[in-house]
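Asker: can you look at this prediction? I've put the sequence above it.
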Amino acid sequence: MADQTRDNLGRKAASRAGTFELKSRRFSLLGLVLHSSDLAEIAADWAARAGAGGFEHEPVVIDLSAVPRAAATPATEGQAPLALDGPAPVDLRGIVELLRASQLQPVAVAGATAEELALAHELGLADAAEEPAAERAAPVPADTVREVVREVVVEKFIEKPAAPAPTMVIDKPLRSGQRVYAKGGDLVVLALVNHGAEVIADGSVHVYAPLRGKAIAGARGDTSARIYAHSLEAELVSIAGIYRTTENPLPAEVAGKPAQVLLDGEKLLMQPLSL
Amino acid sequence: MTKIVVVTSGKGGVGKTTTSASFATGLAMRGHKTCVIDFDVGLRNLDLIMGVERRVVYDLINVVNDEIKLTQALIKDKQLDKLYILAASQTRDKDALKQEGVERVLEELKAMEFDYIVCDSPAGIETGALMAMHYADEALVVTNPEVSSVRDSDRILGMLSSKTKRAIEGAEPVKEHLLITRYNPNRVEGGQMLSLDDIHEILRTPLIGVIPESESVLQASNQGTPAIHLQGTDVAEAYKDVVARFLGEDKPMRFTEAVKQSWFKRVFGGK
C-alpha cells in the first residue's frame, strides 16, 4: 500500500514544477498493540498466533500505550532507587527483530516512554501520534524544505477501502497443503477446498463446493467479513480472529449443507442458506 | 511423441512399485516401447519386482551424473523386447538426483523414441518425489481405501497441479488418474474400508482402475514377476484393464462388488 502511494507521489511530482511535494498524508497501518512488556511472553504468543506468517512487508506501528506500567505507582522516599528506574521499558529491539522475522516492517512506536523513545530513534523508528487525529491540520510548507515532516496516523481498525477491492477467483481444487490468501479483498473458490488446505481473505470467503479445510475471513480484522460455503464441512472457520474448530462438531442444520458464517459481536453465527 | 507418466502416492507401501512394474509391462505387452525408471534412490525395489536385480550394473544416478552412457544403464526385459528398466542406486541418496541430469536422461529417452516413460516415485513429498513428477505429462495416483492414504494422495494431487513443470510454465495441467489398490469389497461392506464413492467424494479425480487386494501380488513380488504376468488372477486382469483404459479404451470396472461366500465355503473354509 505504502509503496504504491509513493509511486503515485513520484509520478505526480514529475508532471509538476518541482521534483517533489511535501504533503500531509494519512496512511492505514497495522498496529501491534502490546499488552505486556515481557519479550519472552510476547515471542511465545506471537509464534503461536502469528508465527505462520503470510505478511508481505506491511508497515506496522508498535503501540505501547496499553502496556501495563507496574512501576509507575508513586514511590515512597525509601524506594527512591526503584522510582529512578521508572516503568520497565519494553525491549523494542527484540520486538523489532520478532516483527522483521515475520516479514513485517516496523516503522514507528506509539505511547512510548522517554527511554523507549530514545531506543526507538536509535532503531530508526518514528514517534507516531497516539490516537488518530483526523481534524488536526498540519500545515506543511510546500516549497521550502527545512525538515521532513511526516505525520503518521495510527488507526487501530482498518477501514474498508472505498474503491471495490480486487476479488481473487480460484477455479482449481485446493488440496491438502495448499494455501491461498486474497489480500485486501474477497476470495471466491469454484472448486473443492479439501482437508488441510487453507483459504484466507481480508474480505469474505466464498466456496461454491465442499469447504473441508480451514477458512479465514477478515484476516486483517474486518468484522463484517463472512464465510459462505456450498457445503460447510470446514475443519476451522475464523472471522477477524474469532475462530472455531470442528472439535465440537458443526451444528446439524449447517454441517454438509449450504451455509454462511458471520460474526455477531464476539460470537460466530452459522446459518443455513436456502438455495 | 513420448509420454512421461509418474506413478505416485505420497504415502508409502500402497503399491506404487507394484503398479509401476505392472503398468509398464502392460504397455509393453500392448506393443508400446516403454521404459520404467526407479526414482526411489537409496531404497531400490523396482529391479527386484521386475526380476532384474542381478543384472543391475549401472543405475539412474550414474547416468544423471554423466558417468556412463544411458544405453549402458538400460536393462532390457527378458520377456518383452519393448520394455526397458532403469534401476535406482542403492548406495546413494535422493540428493544425488539433480534436476538438469534428470531432464537430460528423459530427453535422451525421448530421442530413443520411447512411447512411454514410467517414473516410479518414492514415497514422501521430498526431492525424490518432486523429481519423479516434475516432467510428467500424466500421473497415476495410487491410493489405498483408507483415510491417511487418501489424505496423502490429496496432497500429492495438489503438488501435481502446482509444483510440476507443466504447472510452473502454465501449460496444460498434468492429467491425473486415480488408481485404487488393495481394494476389498467385502471389507468395504463391513465398513472397515472406504468405498469407491467415499474416495471419489474426497478426491474428485477420474478413476482409472481398482486393483483388488490379493495374495498373488505378494507372490509375484517374491518371484520377481510383475503381477500383470500372473495369468488368470484378478490382479493381472485388473491391471490389464487399467492399461486398456489408459490407452483410451472403455472398460467397465471389475472386482468392485462384494462376493457372497457360500454357506459351504464358510463352514469348510477355502478361498
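Answerer: Structure received.

Asker: residues touching B:Met1, list them.
Answerer: With contacts defined as CB atoms under 8 Å, 6 or more residues apart in numbering or on different chains, B:Met1 has no neighbours. For glycine as for every other residue, the C-beta is placed from the backbone atoms N, C-alpha and C.

Asker: that one belongs to a helix?
Answerer: No - per DSSP: H, G, I helix; E, B strand; the rest coil, B:Met1 lies outside any helix segment and is coil.

Asker: how near is it to A:Val90?
Answerer: 65 Å (CB to CB, to the nearest Å).

Asker: my guess is B:Leu157 contacts B:Val141. True?
Answerer: Yes - A contact is recorded between B:Leu157 and B:Val141 when judged using CB atoms under 8 Å, the distance being 6.1 Å.

Asker: tell me the mean pLDDT for stretch B:211-230?
Answerer: Computed over stretch B:211-230, the mean pLDDT rounds to 93.

Asker: now it - C-alpha only, CSV.
Answerer: Listed next in CSV are the C-alpha coordinates belonging to stretch B:211-230 (Å, rounded to 0.1, in the frame of the first residue of the first chain):
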residue,chain,number,x,y,z
ILE,B,211,-6.9,-53.4,-8.1
PRO,B,212,-8.4,-55.9,-5.7
GLU,B,213,-6.5,-56.9,-2.5
SER,B,214,-4.8,-60.2,-3.3
GLU,B,215,-2.1,-62.5,-2.1
SER,B,216,-1.0,-63.1,-5.6
VAL,B,217,0.7,-59.6,-5.5
LEU,B,218,2.9,-60.8,-2.7
GLN,B,219,3.6,-64.0,-4.5
ALA,B,220,4.5,-62.1,-7.7
SER,B,221,6.9,-59.7,-5.9
ASN,B,222,8.7,-62.6,-4.3
GLN,B,223,9.1,-64.3,-7.6
GLY,B,224,10.3,-61.2,-9.3
THR,B,225,7.5,-61.1,-11.8
PRO,B,226,5.2,-58.1,-12.4
ALA,B,227,1.7,-59.1,-11.1
ILE,B,228,0.3,-58.5,-14.6
HIS,B,229,2.1,-61.6,-15.8
LEU,B,230,0.2,-63.9,-13.4
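
Asker: list the buried ones in it?
Answerer: Neighbour counts using 16 or more other CB atoms under 10 Å in any protein chain shown place B:211-214, B:217, B:220-221, B:225-230 of stretch B:211-230 among the buried residues.

Asker: returning to that earlier point: need the residues touching each of B:Leu157 and B:Val141.
Answerer: Between them, B:Leu157 and B:Val141 have B:Glu176, B:Leu203, B:Thr205 as joint contacts when contacts are counted by CB under 8 Å, 6+ apart.

Asker: what about whichever residue of the stretch 151-275 of chain A sits closest to chain B, how many neighbours?
Answerer: Residue of the stretch 151-275 of chain A nearest chain B, by CB to the nearest CB: A:Arg175 (3.3 Å). Neighbourhood size, A:Arg175 [other CB atoms under 10 Å in any protein chain shown]: 29.

Asker: what's the spacing between the residue of the stretch 101-250 of chain B found nearest chain A and B:Pro173?
Answerer: Of the stretch 101-250 of chain B, the residue with the smallest distance to chain A, taken as CB to the nearest CB, is B:Gly158 at 3.3 Å. When CB to CB is the yardstick, B:Gly158 and B:Pro173 sit 12 Å from each other.

Asker: before we move on, what about B:Val57?
Answerer: Taking CB to CB as the measure, B:Val57 and B:Pro173 are separated by 38 Å.

Asker: and these two? Which one has more around it.
Answerer: B:Pro173 (14 against 11).

Asker: low-confidence bits of the chain, can you list those?
Answerer: All of this is about chain A. For chain A, residues meeting the criterion pLDDT under 70 lie at A:1-17, A:26, A:51-53, A:70-87, A:129-164.

Asker: that was the other one, I meant chain B.
Answerer: B:260-271.

Asker: for it, which residues are neighbours of chain A?
Answerer: B:125, B:151-152, B:154-155, B:157-159, B:161-162, B:173, B:202-204 (CB under 8 Å from any CB of the partner chain).

Asker: which bits of the stretch 101-250 of chain A sit near chain B?
Answerer: Checking the stretch 101-250 of chain A against chain B by CB under 8 Å from any CB, the hits are A:Lys172, A:Pro173, A:Leu174, A:Arg175, A:Ser176, A:Gly177, A:Gln178, A:Leu192, A:Asn194, A:His195, A:Gly196, A:Ala197.

Asker: mind giving me the ChimeraX command for buried ones among the residues you listed?
Answerer: Below is the selection syntax for ChimeraX that covers the buried ones among those, with 16+ other CB under 10 Å defining burial:
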select /A:173,174,175,176,177,178,192,194,195,196,197
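
Asker: once you drop chain neighbours, what's closest to the residue of the stretch 1-150 of chain A found nearest chain B?
Answerer: When distances are taken as CB to the nearest CB, the stretch 1-150 of chain A reaches nearest to chain B at A:Gly54, 17.3 Å away. In space, A:Gly54 comes closest to A:Tyr181 once its chain neighbours are excluded; the distance is 5.7 Å by CB to CB, 6 or more residues apart in numbering or on different chains.

Asker: B:Ser195 - nearest residue in space that isn't next to it in sequence?
Answerer: B:Val188 (4.8 Å).

Asker: phi, psi for that neighbour please.
Answerer: Backbone geometry at B:Val188, expressed as degrees, to the nearest 10, gives phi -70, psi -40.

Asker: how about B:Arg151?
Answerer: Here is the backbone geometry of B:Arg151 (degrees, to the nearest 10): phi -60, psi -40.

Asker: ok, back up a step: and the residues of chain B next to chain A as CSV, adding secondary structure and distance to A:Glu21?
Answerer: Conversion of the residues of chain B next to chain A to CSV gives the following (DSSP: H, G, I helix; E, B strand; the rest coil; distance: CB to CB, whole Å):
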residue, secondary structure, distance to A:Glu21
B:Ile125, coil, 52
B:Arg151, helix, 57
B:Asp152, helix, 58
B:Asp154, helix, 54
B:Arg155, helix, 52
B:Leu157, helix, 53
B:Gly158, helix, 48
B:Met159, helix, 50
B:Ser161, coil, 48
B:Ser162, coil, 44
B:Pro173, coil, 49
B:Ile202, helix, 58
B:Leu203, helix, 57
B:Arg204, coil, 56
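
Asker: determine which two of those residues are furthest apart.
Answerer: Every pair in these was compared (CB to CB); the two farthest apart turn out to be B:Arg151 and B:Pro173, at 21.2 Å.

Asker: in the stretch 1-150 of chain B, which spans are helices?
Answerer: With DSSP state H, counting those that start in this stretch applied, the stretch 1-150 of chain B shows helices at B:16-29, B:46-49, B:60-64, B:70-73, B:99-111, B:127-134, B:147-160, listed in chain order.

Asker: out of those helices, which is the most enclosed?
Answerer: Across the helices of the stretch 1-150 of chain B, the average number of neighbours (mean count of other CB atoms under 10 Å in any protein chain shown) peaks for helix B:16-29, which reaches a mean of 28.

Asker: restrict that one to CA atoms and write it as PDB.
Answerer: Taking only C-alpha atoms (Å, rounded to 0.1, in the frame of the first residue of the first chain), the coordinates of helix B:16-29 have been written out as PDB:
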ATOM      1  CA  LYS B  16       3.500 -47.700  -6.300                       C
ATOM      2  CA  THR B  17       6.300 -50.000  -7.400                       C
ATOM      3  CA  THR B  18       3.900 -52.900  -8.000                       C
ATOM      4  CA  THR B  19       1.800 -50.600 -10.100                       C
ATOM      5  CA  SER B  20       4.800 -49.200 -12.000                       C
ATOM      6  CA  ALA B  21       6.100 -52.700 -12.800                       C
ATOM      7  CA  SER B  22       2.700 -54.000 -14.000                       C
ATOM      8  CA  PHE B  23       1.700 -50.800 -15.800                       C
ATOM      9  CA  ALA B  24       5.000 -50.500 -17.700                       C
ATOM     10  CA  THR B  25       4.800 -54.200 -18.500                       C
ATOM     11  CA  GLY B  26       1.200 -53.900 -19.700                       C
ATOM     12  CA  LEU B  27       2.100 -51.000 -22.000                       C
ATOM     13  CA  ALA B  28       5.000 -53.100 -23.500                       C
ATOM     14  CA  MET B  29       2.600 -56.100 -23.900                       C
END
